[in-house]
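Q: model the following, please.
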Amino acid sequence: MQVLVLTGGHRVDLDAFLGMVTDICAARGWLWVHATQPSAQAWLRPEHAGRFDALLCHDIPGLHLRRGEPPVPHGPTPQVAQGIVDLLDRGQGLVVTHHSLAGWPDWEGWAEALGGRFHYAPGRLRGRRWPSSGTWVGDYRIQVTAPTHPVCDGVGDFTVNDELYCCPVFEGDVVPLLRTDAGLDPSRFVSSYEHVRHGEAQAPDCSGHPPASDLVGWAKAAGRSPLVYLLPGDSARTFALENYRRLVGNALAWVASPGAHRWASEHPVRIDPA
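A: A predicted model of the protein is given here:
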């Protein structure tokens, strides 16, 4: 099995993240390679479908983030969007983690592929205007809600010190795998747009925002591709956890499996490249 790992567009402890990937793949006898955004987009084309058994996305394409400046969404170009849609229609398994939920904020099709979107800047989604999303960092419990699903095999409930999001999640369109019992009142979360512009101390909370979802892991189809999203993944502390590593490894194995591809083909989700 071969895995393509995508990073770029957001700060990350790259040594810790790639160290986790190395350990997961070594334990399972897999090979992996690493590509960074934006050059990684060259691999997200239909002619590369099947070149890798699974993609592991820990990136944010399509967003300029600079401290003190407003977050600026951009792209993708029509050619890049069409290439990704064609790739997903050919059945390319994906595992998407943490901040990758903020990818391609100017393209609604990518939110439909992932099952939601984190908004660094206010934006429109599914016909309504959304405020900037929010973050909260602390200890919270992850509860396995689908213990018989292959992604959850051998994983028990566990605690992480990580980042939670207050953002839109399309709960009716996904297969729930993981939930949290953390307090999710929007007033606990810091607004990301102002956080990036002015720093956490001056950023308001998310009072008045729609409530946060308790879903922190799910499976779905994107085009005809099986996809798993895992919300945790903010720091080296999470990358070192055995249960988190097992989740990532199980998710990669599942999206590469014939059973996952049959399931996604039976539950296709059309992704609009526009």
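
Q: any buried residues in stretch 189-198, and which?
A: Residues of stretch 189-198 classed as buried: 189-197 (neighbour count, 16 or more other Cβ atoms under 10 Å). Yep, even glycine has a C-beta here, placed from its N, CA and C like the rest.

Q: wait, stretch 7-21
A: Result for stretch 7-21 [16+ other Cβ under 10 Å]: buried residues 7-10, 12, 17-18, 20-21.

Q: can you give the distance from that stretch to the centre of its chain?
A: The chain centre lies 14 Å from the centre of stretch 7-21; the measure is Cα atoms, centre = their mean, to the nearest Å.

Q: just to revisit the earlier point, which of the buried residues of stretch 7-21 fall in strands?
A: 7-8 (DSSP state E).

Q: among the buried residues of stretch 7-21, which pair sits farthest apart?
A: Comparing all pairs in those by Cβ to Cβ, the longest separation belongs to Gly9 and Met20, at 19.0 Å.

Q: now Leu231. Nearest residue, chain neighbours left out?
A: The shortest distance from Leu231 to any non-neighbouring residue, by Cβ to Cβ, 6 or more residues apart in numbering, is to Val216 (4.1 Å).

Q: tell me the strands beside the host helix or strand of that neighbour, with direction?
A: In the assignment (DSSP states H and E), Val216 maps to strand 215-222. For strand 215-222, the paired strands and their directions (DSSP bridges) read strand 175-180 (antiparallel), strand 225-230 (antiparallel).

Q: keeping just the C-alphas, turn the last one into CSV.
A: Okay, so that is strand 225-230. Presented in CSV, the C-alpha positions along strand 225-230 are these (Å, rounded to 0.1, in the frame of the first residue of the first chain):
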residue,chain,number,x,y,z
SER,A,225,-14.5,8.0,-3.4
PRO,A,226,-14.5,6.9,0.2
LEU,A,227,-13.5,9.7,2.6
VAL,A,228,-12.9,9.9,6.4
TYR,A,229,-12.6,13.1,8.3
LEU,A,230,-10.9,13.3,11.8
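
Q: heading C-terminal from that strand, find the next helix or strand.
A: By DSSP H and E, the next helix or strand past strand 225-230 is helix 236-239.

Q: the first one too?
A: Going down the chain from strand 175-180, the next helix or strand is strand 190-191, by DSSP H and E.

Q: what lies in contact with that next one?
A: 131-136, 200, 203-206 (Cβ atoms under 8 Å, 6 or more residues apart in numbering).

Q: just the buried residues of those.
A: Buried among the contacts of strand 190-191 (16+ other Cβ under 10 Å): 131-136, 203, 205-206.

Q: now do the strands in the stretch 1-150 of the chain.
A: 2-8, 31-36, 54-59, 63-64, 72-73, 94-97, 123-125, 128-130, 134-144 (DSSP state E, counting those that start in this stretch).

Q: rebuild the ones you listed as TSV, extending it with mean pLDDT and distance to Pro176.
A: Output for the strands of the stretch 1-150 of the chain, formatted as TSV (pLDDT from 0 to 100; distance: least, Cβ to Cβ, whole Å):
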stretch	mean pLDDT	distance to Pro176
strand 2-8	98	25
strand 31-36	98	28
strand 54-59	98	20
strand 63-64	92	27
strand 72-73	90	28
strand 94-97	98	16
strand 123-125	94	20
strand 128-130	95	22
strand 134-144	97	10
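
Q: just send those strands back as TSV, with distance to Gly83 too.
A: Formatted as TSV, the strands of the stretch 1-150 of the chain follow (distance: least, Cβ to Cβ, whole Å):
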stretch	distance to Gly83
strand 2-8	14
strand 31-36	15
strand 54-59	13
strand 63-64	19
strand 72-73	19
strand 94-97	14
strand 123-125	22
strand 128-130	27
strand 134-144	31
